[in-house]
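Dropping the sequence and predicted coords here.
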Amino acid sequence: MINSLQKRPYLIPKVFIWAVVLWILPAWQTHAQSPRPIDSAALGLALSGGGAKGIAHIGVLQALEEQGIRPRYLTGTSIGAIVGAYYIAGYTPQQILDIFRRTDFDALMTDQMPRRFLPLYLKRTGRNSFFHFPVDLHRLQLKLPGGLTHSQLFYNQLFRDLYNIQYLNSFDSLPVHFRFYATDLVTGKSVAFKGGSVPRAVVASSALPSIVSPILIDGKILTDGGVVNNYPLDGLYRMGARKSIGSDVQGQLLRESQIQSIKDILDQITSIYMYADMPQKRRKTDVYIRPPVSRFSVTDFGLIDTLYALGYGTAKAESKKLLPFKSYTNRRPMPQPGHPDSIYIRHIEIHGLKIPKAKQYFEWRTNIREGHKVGFDRFLEGIDYLYGTGDYRQIHYWITPGDTLRVDIVSDTVRFKLRTAVHYMPLFQIEFLAGLTGRQLLSPRDRAVLEIIFGPNIRYNFDYLIDNGYHLGLGFHSSFHKLERTVDYHLMLPRVQNPSFHTMDLHVSVWTNRLFFQNLMSNSVNLHIGTEMQTHRVYTTVFSGNHSDRKFFFDHSTYYAGFMNFYYDDLDNYNFPMHGVKIQFDYKYIFGISENYAGVKPFHNIFLELSGYRKHNAHFSTSYEFKAGLNTSDTLAPSFYYYFGGTESSVPFSHIMPSYGRDYLSFRSPAFLMLQPQLQWKVGQNHHLYFGLQGLLYTEGPVYEEKFRRTYSIYGRYGFESYFGPIFVTMGWEPLFRQWHAGLSIGFRF
């Protein structure tokens, strides 16, 4: 045996080699199927821009989480920066999805500050125009605004949600290193944010052109990063990534058959530059995920769940390609999202507010003081009160190490703006409304508003106010309103029996001038005390026949009065309130009359309105409204009666009161009491339903001579919040007199 083996010495090596091969082969095959070991800091994730379509990014993140994949590097542009910021702050994809679901994107895109943060002079009218044009009075030119929003509400939300990472010296200090990108409008270059305020970086990166005004940061005018870098893949490799995953929700170039209009041509011109390098970037992406969201719009924020599902499904379909990336995942602990109950402010640094004693003014307006602790919610409310003045384009703020509050303010340099609106109601028919607002005319803190209403009855309002905050302010008001309407003869001639006519034309005009002092107690309470002059002209031509120039005047006098007005208002909405209280008390002492009307002597006029709204849930509330008016004169001029009818609760003539079951100017009274309980439902985002009862007690003569009469109306109302103003359709029924009346109001009122 030994001899035979000696004769074939090569046999042992061959047997040994085959044994080794057969033993190693299974292990080698297993090793070949698994990824090659690589540095755990090698994986990067790029999130593109795309507006609302970027909600699909959240679905992609969810699919990656389920496979145990977490990147070490992340880049984002526009919506990619928004989603990425929440992810970096420690929110799970499901938590990000919940935040998007409860966010009111319409409010963010219009930047409409909640009403309670507005100054009272803005609360009294609410939003009453649908567009603002900056005006250059020196050149008599209208300009287009830089955008519809300044993203202040969005910044505030980001500061709240991302407080745990709201300021970082370096964006590489977290487990996930990140970069967000904006575009410099002057140089046309991409700007990468590497440190500083995270909310500021996100707001700049997502400043969608024509929707969001450009953001001013460190002397640069920045807009949406997607203009030049909508798929920021290269940033991953510059940070150190070796492998990349890309989630792409941007649009694409139109095909020949799709280019059919000027809009299509302009979109294509923009897209050619935006997508020019996409073929190269796609080749450099190791796993390219493109959810099928092309058919959706950049503003389709109402389709959150659909967009999320498309992103999740597309990423799950790439599971095999993603499998090797498990060994690249970054498993260092992420930050814990949240914010403290209060913030201690050791120092305050104000930049950009070019007024004397800027820090003192900031502290007074916001109630945020140096060396004090402030509640977190109260801190944000203070910022909202400052922005609510309308004097600033952007207020960016962050807390730096050492408990220093840094505030960068950009003032609104537009001193004059033109506002426009259209309104219809039966009392005045269709009207075009134009308003010019101005600031800093005679004083650094003054503002003026001139409103001219063009229609069948031209009217105007002018208000000038020196707003000294909690110190005594000075104001002036002037207005001229008139209307023409056919009314029943009993309205003006109640004692005439069986005349030769049953209706008459009634012409009313009131010219008012007021000078007053203002004492502002809070953003919800103020007091006006001053003097008033009113000129009344009330006449008919029914007696003149063909001689229309022969007018019969019911009142043609000028009245002089002292007045006091107390106003409290914390309603959550001007046109569609669901919660809050409104109190208005007006007192006048009419002491002078230029032309004595039937022996009228000085008298008192008192009006009180109390409105309370209680919100029971997000869609249902109840309200109670009480109104009362009293004149103490027994020989009252017609101008001081209260006139009832119609469905409008707010008209330029303060003595016209609604009575839902009657037409406008159906009857009058020198004194009345009105109680109005109401149920209201908010249906969806913009629809409102109302059902109520309106009870009325009134007299036809002086209170101490006659008993109160009574009547009531049952009514239903539908309201719709449109961009061009509120729309109300009202139907009222008055059972005692078996009368019904329908009313329609469309648009903002001046």
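Received, thanks.

hey, let's count contacts and neighbours off CA atoms from now on
Will do.

Name the next helix or strand downstream of the helix or strand harbouring residue 109, please.
Take DSSP states H and E as the rule and residue 109 turns out to sit in helix 105-110. As assigned by DSSP H and E, the chain's next helix or strand after helix 105-110 is helix 120-123.

in that following helix, what's buried?
For helix 120-123, a neighbour-count test (16 or more other C-alpha atoms under 10 Å) marks 120, 123 as buried.

Then stretch 706-720?
708, 711-720.

just to revisit the earlier point, quick one: contacts of the helix holding residue 109?
148-149, 151, 153-154, 211-212, 301 (C-alpha atoms under 8 Å, 6 or more residues apart in numbering).

got it, and stretch 662-674?
With C-alpha under 8 Å, 6+ apart, stretch 662-674 has contacts from 427, 487-488, 490-491, 625-631, 636, 640-646, 656, 658, 694-703, 732, 734, 739-741.

Would you mind checking these for buried ones?
The neighbour count (16+ other C-alpha under 10 Å) marks 427, 487-488, 490-491, 625-631, 636, 640-646, 656, 658, 694-703, 732, 734, 740-741 as buried among the contacts of stretch 662-674.

Filter those residues down to the ones in helices?
Using DSSP state H, the members of those that fall in helices are 490-491.

ok, the nearest residue to residue 412 once chain neighbours are set aside - how many residues close by?
Of all residues not flanking residue 412 in the chain, residue 392 sits nearest, at 4.6 Å (C-alpha to C-alpha, 6 or more residues apart in numbering). By other C-alpha atoms under 10 Å, the residues close to residue 392 number 18.

With residue 275 instead?
Per other C-alpha under 10 Å, the neighbour tally for residue 275 reads 20.

Make residue 1 into 466 and carry on from there
Okay, using 466 as the starting number, the last item reads as residue 740.

where exactly do the helices run in the stretch 766-915 of the chain?
Using DSSP state H, counting those that start in this stretch, the helices found in the stretch 766-915 of the chain span residues 769-782, 784-787, 823-831, 841-852.

Switch these over to CSV; also include mean pLDDT.
Output for these, formatted as CSV (pLDDT from 0 to 100):
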stretch, mean pLDDT
helix 769-782, 94
helix 784-787, 88
helix 823-831, 86
helix 841-852, 91
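
Mean neighbour count and distance to residue 645 for these - can I get that in CSV?
What follows is the helices of the stretch 766-915 of the chain, written out as CSV (neighbours: other C-alpha atoms under 10 Å; distance: least, C-alpha to C-alpha, whole Å):
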stretch, mean neighbour count, distance to residue 645
helix 769-782, 20, 21
helix 784-787, 13, 24
helix 823-831, 16, 30
helix 841-852, 18, 25
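
and those helices as JSON lines, adding distance to residue 1068?
Shown next, in JSON lines, are the helices of the stretch 766-915 of the chain (distance: least, C-alpha to C-alpha, whole Å):
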{"stretch": "helix 769-782", "distance to residue 1068": "62"}
{"stretch": "helix 784-787", "distance to residue 1068": "85"}
{"stretch": "helix 823-831", "distance to residue 1068": "41"}
{"stretch": "helix 841-852", "distance to residue 1068": "40"}
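
Out of the ones you listed, flag the one nearest residue 1213.
Closest approach to residue 1213 among those is made by helix 841-852 (23.0 Å; C-alpha to C-alpha).

helices and strands around the closest one, which ones?
Applying 3 or more C-alpha pairs under 8 Å, 6 or more residues apart in numbering; DSSP states H and E, one finds that helix 841-852 contacts strand 807-810, helix 823-831, strand 857-865.

mind checking the SS state of residue 562?
Per DSSP: H, G, I helix; E, B strand; the rest coil, the secondary structure class of residue 562 is helix.

ok, for it, nearest residue in space, not its chain neighbours?
Using C-alpha to C-alpha, 6+ apart and skipping residues adjacent in sequence, the residue nearest residue 562 is residue 523, 6.8 Å away.

so which helix or strand takes in that neighbour?
helix 521-531.

What of residue 978?
Assigned by DSSP H and E, residue 978 falls within strand 968-985.

residues in contact with that strand?
Against strand 968-985 from outside (C-alpha under 8 Å, 6+ apart): 934-954, 991-1007.

Just the residues you listed: which are in strands?
Under the assignment DSSP state E, the contacts of strand 968-985 contribute 938-953, 991-1005 to strands.

and the closest residue to residue 1166 other than its chain neighbours, how many neighbours?
Closest residue to residue 1166 apart from its sequence neighbours, by C-alpha to C-alpha, 6+ apart: residue 1135 at 6.5 Å. Neighbours of residue 1135 under the rule other C-alpha under 10 Å: 24.

mind listing what residue 871 touches?
813-816, 862-865.

nope, residue 761 is what I meant
Residue 761 neighbours (C-alpha under 8 Å, 6+ apart): residue 518.

One more pass at 10 Å, please.
515-518, 716, 768, 772 (C-alpha atoms under 10 Å, 6 or more residues apart in numbering).

can you check residue 1043 too?
1036-1037, 1077-1088, 1145-1147.

same question, residue 507
For residue 507, the contact set (C-alpha under 10 Å, 6+ apart) comprises 536-538, 701-702, 704-709, 790, 792-795.

and what of residue 1083?
Taking C-alpha under 10 Å, 6+ apart as the test, what residue 1083 contacts is 1043, 1146-1148.

Residue 830: which of those is nearest?
Taking these together and measuring to residue 830 by C-alpha to C-alpha, the closest member is residue 1043, at 27.0 Å.

Can you check what pLDDT the model gives the closest one?
Listed pLDDT for residue 1043 reads 93.

secondary structure element for it?
Going by DSSP H and E, residue 1043 is not part of any helix or strand.

gap between the residue nearest the centre of the chain and residue 1187?
With distances taken as C-alpha atoms, centre = their mean, residue 577 lies nearest the centre of the chain, 2.0 Å away. Shown here: residue 577 relative to residue 1187, a distance of 14 Å by C-alpha to C-alpha, to the nearest Å.

go on, residue 562?
27 Å.

give me the low-pLDDT residue ranges for the stretch 666-815 of the chain?
For the stretch 666-815 of the chain, applying pLDDT under 70 flags the ranges 717-739.

at 90 what do you get?
Applying pLDDT under 90 to the stretch 666-815 of the chain flags the ranges 673-679, 683-684, 690-694, 715-747, 758-767, 784-801, 803.
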